[in-house]
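Asks: Build me a structure from this.
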Amino acid sequence: MAKEDSIRRAEELFMQGFNCSQSVVAAFAGLYGYTESQALRLSAGFGGGIGRMRLTCGAACGMFTLAGMDCGSATPGDREGKSACYKVVQQLAARFEQEHGSLVCGELLRLKKGAPLSYEASERTAEYYAKRPCVNQIISAARIYAEYLEGKGKAAGVAEPVGANGK
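Replies: Predicted coordinates:
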């Protein structure tokens with residue numbers, strides 16, 4: 001899938017009613033051998049700033065999940081592998097924060113400090129989409145991740161299969 005197609009797919013998924021993290025992860029999951037359904041389940045808990053707690057933005061968490069799929073280690077005690085993945089996550093986070101001014105969902109939504117939390121998902125209406133900046137963060141996160149892949153010399157549609165790097 002080309003860069004623009006991945007970005008468009010992330011936006012489409014959000015507009016269909018999936019959360020921010022799901023939208024970003026599912027748009028790229030095929031690169032790593034995951035089905036869209038698996039990706040949607042894997043990332044479901046990160047929406048709304050992690051379980052709607054308004055902490056780290058779900059779109060950013062989606063990028064971090066993808067980074068783990070791309071360069072995360074599955075070898076016990078692999079400090080070098082962990083460090084390499086953490087470096088990628090920190091680079092992605094810095095780009096996202098530079099573009100949006102924060103990684104924190106509550107700040108991006110301009111919620112008042114101490115605003116009550118709810119686990120109830122918001123109904124997706126035209127008003128919801130009109131007042132939420134989330135789609136911008138989703139598009140940005142998908143673009144940043146696609147550019148990361150380009151920088152590695154991976155087209156947005158050609159990544160190593162899971163486990164190909166021995167980790």
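
Asks: Below-threshold pLDDT in this structure: ranges please.
Replies: Counting by pLDDT under 70, the chain contains low-confidence ranges at 1, 154-167.

Asks: Grab the most central residue of it for me.
Replies: residue 62 (1.8 Å; C-alpha atoms, centre = their mean).

Asks: ok, that one - contacts?
Replies: 20, 21, 22, 23, 24, 25, 43, 46, 138, 141 (C-beta atoms under 8 Å, 6 or more residues apart in numbering). Every residue, glycine included, has its C-beta placed from N, CA and C.

Asks: mind redoing it with 10 Å?
Replies: By C-beta atoms under 10 Å, 6 or more residues apart in numbering, the contact set of residue 62 is 10, 19-28, 39, 43, 46-47, 137-138, 141-142, 145.

Asks: so what's residue 45 closest to, chain neighbours aside?
Replies: residue 51 (5.6 Å; C-beta to C-beta, 6 or more residues apart in numbering).

Asks: these two touch, right, the one you found and residue 43?
Replies: No. If you go by C-beta atoms under 10 Å, residue 51 and residue 43 don't touch, sitting 11.8 Å apart.

Asks: Neighbour count for the two, which is higher?
Replies: residue 43 (24 against 14; other C-beta atoms under 10 Å).

Asks: Could you identify the longest helix within this protein?
Replies: Looking across the chain with DSSP state H, the single longest helix is helix 79-100.

Asks: Just the buried positions in stretch 78-89, please.
Replies: 81, 84, 85, 88, 89 (16 or more other C-beta atoms under 10 Å).

Asks: which SSE is residue 41 in?
Replies: For residue 41, the host element (DSSP states H and E) is helix 36-43.

Asks: next one: residue 149
Replies: Assigned by DSSP H and E, residue 149 falls in helix 134-151.

Asks: No further questions, thank you.
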